[in-house]
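Undergrad: I would like to see how this sequence folds:
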Amino acid sequence: MDKLVFSFNDVPVILIIFQSFLFAILLLVARIGKRQANIFLAFFLMALGLDALDAMIYWSPSIKHVYLSDHVHIFYCLKFSVYLAAPTLYFYVKSLLYADFVFSRKDLLHFIPLALFPVLIAALYLSLGEEGRELGITQFGLLYSNPIYQVHLWVRNILYVGYGVACLLLLVRYKEELKQRYSNIENIDMFWLTMLVGGFLMIWFWVFISYLITLFSSSMWLGNVIGISGNVFNAIFVNALVVYSMAHVTIGYTLNPAEEKVEPGEHKEVDNIDPGIMEKLNQLMLERELFLDPDLTLEQLADITGISARKISSAINRTGKQNFFDYINNFRVKKAADILTNSNAKLSMLDVMADAGFNSKSTFYRAFKKITNMTPTEYQEQAGKQQP
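TA: Numbering: from 1, shown residues only. So this is what the prediction gives:
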């Protein structure tokens, strides 16, 4: 059969299809990392592969006429993939971050759009009729002008962009939760996950833009260019997601059920907070300089003081108007400033950083600048000028 089936533009789509299914199988059989996270990632990849397959068979005339001319239903039924992909990425991120995350019945609410998909298809079939269903796979204008299909397109783009934003917010919230409990969060490697989630969000937003351009203007070529470039980026990020997820089986710190969970902005037992807690904490910090331990945690401080972690966190949040991370680093910055002020020698900033309890240069500089409005070097130079 001497017919061209695939075009050059199909190459990134084909890569997405085969790589997504291959990586999904690999994740399901591999015994590395967190099993639950791997399952969610595998379903996300399979959904991306099905979405790419749906796009390829619809936009490839050769495939339609050569292989699928008598299989009308496949052009409609594969469109369920987006309803699976969007929430499974969210649950992958959540299960990777939280050691105690267990998928519950409440989480099934995220898959209501997926459960309603058969109803959408039935309504679409009814509105198109038998002749319209057959014409719709070759005449995109007929399908595109159908109001029920437009509902699907809007839901598709909103789900992708919405869950992409939700994943980023989940990462931000996780980091804020860690700051409630740890004085050092440099061991957390969230950069790769943030970049990958952000990358998928950019791709989905890019595709949403192409849809809006096609919907509200006559620039079909621009929408097609954006769509094709989106396929290329999708292929790149599918590879990166799997490679990095298997190389980084853990994020760093994981919040597990054995620890007392302290949520940012949540202050239970607030009415029972002893106003002397902060005074006791401040005195303990000054006398014993607990902040010099670069890995000091809220739980360790609770063990030392005999005060519950939740009460300490609530006191720091409400009285000190800051989280545990900033509270400890405030003492470290004051210690560093004292070293720079009282030292007659020109000290290395790495030595000052270590002597003050910091083990990260970037955290040291950010915290110092935030509290003193100067860099450590600027502060050292100013302190040197004031000395006789």
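Undergrad: mind checking the longest helix of the chain?
TA: Secondary structure of the chain per DSSP state H: the longest helix is helix 147-179.
Undergrad: give the other helices and strands that that one contacts.
TA: On a contact count with 3 or more C-beta pairs under 8 Å, 6 or more residues apart in numbering; DSSP states H and E, helix 147-179 meets helix 81-97, helix 112-136, helix 191-216, helix 324-342. Where you see a C-beta, it was placed from the backbone N, CA and C, and this is true even at glycine.
Undergrad: Ile307 against Ile277, yeah?
TA: Yes. Contact criterion C-beta atoms under 8 Å: Ile307 and Ile277 qualify, at 6.3 Å.
Undergrad: elements contacting the helix or strand where Tyr365 lies?
TA: Element membership for Tyr365, per DSSP states H and E: helix 361-372. Secondary-structure packing of helix 361-372 (3+ C-beta pairs under 8 Å, 6+ apart): helix 324-342, helix 349-355, helix 376-386.
Undergrad: closest to Leu120 out of these?
TA: helix 324-342 (46.2 Å; C-beta to C-beta).
Undergrad: what does the closest one rub up against?
TA: Here helix 324-342 makes contact (C-beta atoms under 8 Å, 6 or more residues apart in numbering) with 178-183, 185, 285-286, 289, 291-292, 296, 298, 301, 312-313, 316, 320, 322, 347, 352-353, 355-358, 363-364, 367-368, 371-372, 376, 379-380, 383.
Undergrad: again, only using 6 Å
TA: With contacts defined as C-beta atoms under 6 Å, 6 or more residues apart in numbering, helix 324-342 is touched by 179-180, 183, 285, 291, 298, 316, 320, 352, 355-358, 367-368, 371, 379-380, 383.
Undergrad: right, and the helix or strand after the helix or strand of the chain with the lowest mean pLDDT?
TA: Every helix and strand of the chain was ranked by mean pLDDT, DSSP states H and E. The lowest is helix 220-247, at a mean of 62. Downstream of helix 220-247, the first helix or strand assigned by DSSP H and E is helix 276-288.
Undergrad: list the buried residues of that next one.
TA: Residues 277-278, 281, 285 are the ones in helix 276-288 that count as buried (16 or more other C-beta atoms under 10 Å).
Undergrad: ranking the helices and strands packed on helix 361-372 by mean pLDDT, which is last?
TA: Mean pLDDT is lowest for helix 376-386 among the helices and strands packed on helix 361-372, at a mean of 77.
Undergrad: low pLDDT regions in the stretch 51-200 of the chain?
TA: Flagging of the stretch 51-200 of the chain using pLDDT under 70 yields the residue ranges 60-70, 189.
Undergrad: redo that, cut-off 90
TA: Scanning the stretch 51-200 of the chain for pLDDT under 90 picks out 51-79, 82, 95-102, 128-146, 175-200.
Undergrad: circling back: pull out the buried members of the contacts of helix 324-342.
TA: Of the contacts of helix 324-342, these count as buried by 16+ other C-beta under 10 Å: 179-180, 183, 285, 291, 298, 316, 352, 355-358, 367-368, 371, 379-380, 383.
Undergrad: JSON lines for the buried residues of helix 276-288, including pLDDT?
TA: Below are the buried residues of helix 276-288 laid out as JSON lines (pLDDT from 0 to 100):
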{"residue": "Ile277", "pLDDT": "87"}
{"residue": "Met278", "pLDDT": "88"}
{"residue": "Leu281", "pLDDT": "91"}
{"residue": "Met285", "pLDDT": "90"}
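Undergrad: export these to TSV and tack on distance to Phe91?
TA: TSV is the format used below for those (distance: C-beta to C-beta, whole Å):
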residue	distance to Phe91
Ile277	38
Met278	39
Leu281	38
Met285	40
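Undergrad: and the residues you listed, which is closest to Asn38?
TA: Nearest to Asn38 among those: Leu281, at 41.4 Å, using C-beta to C-beta.
Undergrad: what separates the closest one from Leu290, distance-wise?
TA: Plainly put, Leu281 is 9 Å away from Leu290 if you go by C-beta to C-beta, to the nearest Å.
Undergrad: off-centre distance for stretch 326-343?
TA: 34 Å (C-alpha atoms, centre = their mean, to the nearest Å).
Undergrad: and it, which residues are buried?
TA: Within stretch 326-343, the residues scored as buried using 16+ other C-beta under 10 Å are 326-337, 339-340, 343.
Undergrad: same question for stretch 187-196.
TA: Residues of stretch 187-196 classed as buried: 188, 190, 192-194, 196 (neighbour count, 16+ other C-beta under 10 Å).
Undergrad: so which of the residues you listed is the closest to Tyr144?
TA: Lowest distance from Tyr144 to the buried residues of stretch 187-196 (C-beta to C-beta) belongs to Leu196, with 31.6 Å.
Undergrad: excluding chain neighbours, what is closest to Ile148?
TA: In space, and not counting its chain neighbours, Ile148 is closest to Leu124: 4.7 Å by C-beta to C-beta, 6 or more residues apart in numbering.
Undergrad: quick check: that neighbour vs Gly132, distance?
TA: To Gly132, Leu124 is 9 Å away according to C-beta to C-beta.
Undergrad: the two: who's more crowded?
TA: Leu124 (21 against 16; other C-beta atoms under 10 Å).
Undergrad: quick one: the more buried one from Glu176, how far?
TA: 43 Å.
Undergrad: likewise for Leu96?
TA: 17 Å.
Undergrad: comparing those two, which residue is more hemmed in?
TA: More neighbours surround Leu96 than the other of Leu96 and Glu176, with 25 against 14 (other C-beta under 10 Å).
Undergrad: if we can go back for a sec, closest to Ile25 among the buried residues of stretch 187-196?
TA: Closest approach to Ile25 among those (C-beta to C-beta): Leu196, at 20.3 Å.
Undergrad: wait, what's in contact with the closest one?
TA: Taking C-beta under 6 Å, 6+ apart, one finds Leu241 in contact with Leu196.
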